[in-house]
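# here are the coordinates; sequence isn't available:
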């Protein structure tokens, strides 16, 4: 099996040669552009401009600054203005952020596929009820073969995606924008999630533009002595190849023979070229030191998942420009045979951060679980970051650890992870400090669309209901007076006003008629 | 013969009180209120009877052995496994079901459905139509979406090939007035296509693979597709694949699990003016006990709803009208409910011109009840199949 995989890889390389290297003066194969964003932008231009204003909140930009009582205006899903009183074009949808904090949408690393798949509470999707009984015994085989094909695909991905810039469509093609888990993710404040090897924007009710970036990370194994050796060899070979290639390029001689790419690992090459980030999984001091030195020798910035003993070698990791993905509540015992410090420390994140290591936080369970130990899954991502604060990390760094730093790891920090003009309008509104256990996300906005309203969803609406404020727009006061006396209907009115669209108003009138009928 | 009854529910143009139905040669030749009946025509006078069209279940596996896995055999017909000598189809007839659509087993693109008459013991007598619709499944995994894309791509490739051959042929034609060298014969559909092509210049396109041909037919609108989805998001992924396909004629099949979220796309289904094949049941909103009557919601959104019995057995078909009656009691439009059991099902099978309603020129498949068919106490008095009383013959 393994040898077969290798053979395929080699064949792919050979094919790559014939394509990309035939004309020596062509652009090198890694000079490739990611034009997905441009395509998206041009598509949206055809439609009518869509405005949304988040009015009157305290904006925590995720860059260190807090802007009190400002309005964020989004145009077609991008942030256009962050001002005290910007001009709002006609038909702008408004979200009342008064008394709330506005944070960038959170970014969840390595989320399980629960986040965007499957019906609520189900383990596996059922088959057609009629087929079910009769075909039951054969499904086992069907799923098994599917799983097999998936494994093969994944295996190939890891070995070679140098020439394969296509989006891994598995996560995208099964994205469920109506999933109740997705609502739970938004209720947590998560607006972007890494699933499989793809960064997904958690859009609700649509599947277009869900994929943001694919395969930005290359996993590098560094656990066993054998894998360390092979990893070092791969890096050495790739570095050598790059030197040869550059020299050959500089020579600009058509007669000269192009350096052979035989035996060069595509993933490693991508790391050295800065196209991909290297992701290591390591916790012990030895491994961490090894990674730090490897990174410094070959000049790349490693992403280290786990990093439990990182605080003991924080200076080395800082010098290597590492990013640590930590779980502040994880535990590891010190090796008592050793005198030097070891094991986990609640201060891990704080110490690493103080030494210049970028910190990202992920909970110990990256699914959405309605069973097991509560508080350890992605529904408590901000809480997990809060534990890093308990260990001495600043609030500011903890916020970054669940926004811009994971965005950087996924290669999407130019679009999400902070509130800045020109970035995607993916923001969340909370009723307090995001890292506080009592805080609820009140609204979530993705791509300039209101996708979560706590009062509208079944999960948390009844817990500390949102206090009523006088309406934003004085004109609409009259309408509210007309509203019938039942509280539930008033809430509906309120929501309609929040959306504030002209079309919506028509619907609202229809809604009123229905209400009256209901009263009869 | 003429049947004079208290009321006829036509499923296509409302209810006719004091209806007279004239039947001749297996067809309804006239239906109307208090029609005069010529002397000499035998009259059956039953003023307390109510007539409805014979029920049509377009999506069934009754009486069939249904073991299958994933398949990509769009050319296969369900006819090869039809064994009507079992009693199950007789029982169906007793329950008022006169037409059944039988689909091939499996997921993916397992084949084409057939339509049969119930109550017949020989396959030739039972078979009404072959190639009613192509069954396609979407959802469950991303793989199925990929497979569907692949199927259309294979059709694209074939069309490109035809185009190339055509250009080549035209060049040949210019050079010399010789007949094209190779002309493979294919099935009758291809032959018909050939005829069309020949109509203008005599070009014979190369034959398609048997498993590509149904896709081509589907694209040309000649073969209806019944596409099974599992949940609301599957529709978006499906549209992602087939939105560009213009000539496609398709319906949706959605098995209703308890907490299905189909209401999320009800408006979209209505906009697309689709026919949706549903189970006759009430569902719940995920994580709640809030009931949803999807049949009613989709009907209100402008979609055409086809309802199936909850169980595919003969008993299931007996209970069917009560299941639908429950949906009616919860807000489903009554006429839509009757159509959902008759005419809409006939549409899915491509037999809407021939049966599914009490109309002139249609097959005389009529169920006679002793009262409102959606009331619990009501019983079937007689079932007429192709103009003959198949059960409960009053003579």
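Cool, the structure landed. Remember, it's a predicted structure, so these values are computed and weren't measured experimentally.

# Worst mean pLDDT across the helices and strands of the chain, which element?
Since you didn't name a chain, this refers to chain A. Here the helix or strand of chain A ranked lowest by mean pLDDT, DSSP states H and E is helix A:129-159, holding a mean of 33.

# Can you look at chain B instead?
Quick look at chain B via mean pLDDT, DSSP H and E: least confident is helix B:188-201, a mean of 48.

# pLDDT of the helix or strand just after it, averaged?
Reading on from helix B:188-201 to the C-terminus, the next helix or strand found by DSSP states H and E is helix B:213-219. Averaged across helix B:213-219, pLDDT comes to 85.

# in its sheet, what does the next helix or strand after helix B:213-219 sit against?
Using DSSP H and E, the helix or strand that follows helix B:213-219 in sequence is strand B:224-228. Partners of strand B:224-228 in the sheet, by DSSP bridges, are strand B:133-137 (parallel), strand B:250-254 (parallel).

# And those strands: which comes nearest residue A:253?
For residue A:253, the closest of those is strand B:133-137, at 56.7 Å, according to C-beta to C-beta. (Each C-beta comes from the backbone N, C-alpha and C, glycine too.)

# For the residue nearest to residue A:68 when sequence neighbours are not counted, give me its contacts.
Nearest in space to residue A:68, with sequence neighbours left out and distances taken as C-beta to C-beta, 6 or more residues apart in numbering or on different chains, is residue A:58 at 5.2 Å. Neighbour list for residue A:58: A:66, A:67, A:68, A:69, A:70, A:100, A:101, A:102 [criterion: C-beta atoms under 8 Å, 6 or more residues apart in numbering or on different chains].

# In terms of pLDDT, where does residue 334 sit?
Just so you know, I chose chain A. Value for residue A:334, per-residue pLDDT: 90.

# That was the other one, I meant chain B.
In the predicted model, residue B:334 carries a pLDDT score of 93.

# what do you get for the one 3 residues further on?
Reading off the per-residue confidence, residue B:337 sits at a pLDDT of 95.

# so what's it up against?
Here residue B:337 is in contact with B:295, B:307, B:324, B:325, B:327, B:328, B:374 (criterion: C-beta under 8 Å, 6+ apart).

# What helix or strand is the residue nearest to residue A:68 located in?
Residue-wise, residue A:58 maps onto strand A:51-60 under DSSP H and E.

# Now do residue A:392: how many residues are near it, please.
By other C-beta atoms under 10 Å in any protein chain shown, 16 other residues sit near residue A:392.

# what sits against the nearest residue to it once chain neighbours are set aside?
Using C-beta to C-beta, 6+ apart and skipping the chain neighbours, the partner closest in space to residue A:392 is residue A:350 (3.3 Å). In this structure, residue A:350 makes contact with A:388, A:391, A:392, A:393, judged by C-beta under 8 Å, 6+ apart.

# what does residue A:187 give?
Counting by C-beta under 8 Å, 6+ apart, residue A:187 has contacts A:379, A:440, A:441, A:444, A:452, A:454, A:457, A:459, A:460.

# from these, which would you call buried?
A:379, A:440, A:441, A:444, A:452, A:454 (16 or more other C-beta atoms under 10 Å in any protein chain shown).
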